[in-house]
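**Q** Compute the structure for the input listed below.
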Amino acid sequence: MKKALIIIMCGVVLAGGVYLMRTPHAQVIPQGSYKTKEVVLGNTRYVLDIADTAPLREQGLSYRTSLAPQTGMLFVFNSPGVLKFWMKDMNFPLDIIWLDADKKIVHIEYGLSPSTYPRSFGPEIPTQYVIELRSGDVERNGVRIGDKINFDL
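**A** Residues are numbered from 1 along each chain as shown. Down below sits the predicted model:
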């Protein structure tokens, strides 16, 4: 009886392992897969990766080890909403900027650390675009609430 129970348990463990290996896991989207857009923020020109689909927005800057100077990510949503961001799977701190449908800055979070996860951040008002930059870039480049950012998509 004990032998049969051991054999059954081994079969269950083996079947579970096979199931886990066959189940698709989230795929990390390569950095070069994003379209880009040049944007002037404060007194500096940036090249931003555009996250304009659900999978691109979901991954965001997660898993990257750093951001090059004058780069970041622009999150584009189809319509305004209350947008909250968190630092899941991030490896470095960020400044995050929220813009309304008219591309006016309405909220900024400075120096958000990966250690803040699972807390989420963002204004309680509808926004449509979010920009993530290296920590310190917002202050260093004179970006302010009320600034209007010009870009076409």
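**Q** Can you dump the C-alpha atoms of stretch 139-153 in CSV for me?
**A** The C-alpha coordinates for stretch 139-153 follow below in CSV (Å, rounded to 0.1, in the frame of the first residue of the first chain):
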residue,chain,number,x,y,z
GLU,A,139,14.4,68.5,-11.4
ARG,A,140,17.7,68.6,-13.3
ASN,A,141,15.9,69.7,-16.5
GLY,A,142,13.4,72.2,-15.0
VAL,A,143,10.3,70.2,-15.8
ARG,A,144,7.3,71.6,-13.9
ILE,A,145,3.6,70.9,-13.3
GLY,A,146,1.7,73.0,-15.8
ASP,A,147,4.3,72.6,-18.6
LYS,A,148,2.8,71.5,-21.9
ILE,A,149,4.7,68.8,-23.8
ASN,A,150,4.5,68.8,-27.6
PHE,A,151,4.5,65.5,-29.4
ASP,A,152,2.4,63.8,-32.2
LEU,A,153,1.7,60.2,-32.3
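**Q** Contacts only, for the nearest residue to residue 118 once chain neighbours are set aside.
**A** If the residues on either side of it in the chain are set aside, residue 118 comes closest to residue 86, at 6.1 Å by C-beta to C-beta, 6 or more residues apart in numbering. For every residue, glycine as well, the C-beta is placed using N, CA and C. Residue 86 makes contact with 116-121, according to C-beta atoms under 8 Å, 6 or more residues apart in numbering.
**Q** buried sites along the strand ranked longest in the chain?
**A** Taking DSSP state E as the criterion, the chain has its longest strand at strand 71-81. Buried positions in strand 71-81, judged by neighbour count with 16 or more other C-beta atoms under 10 Å: 71-77.
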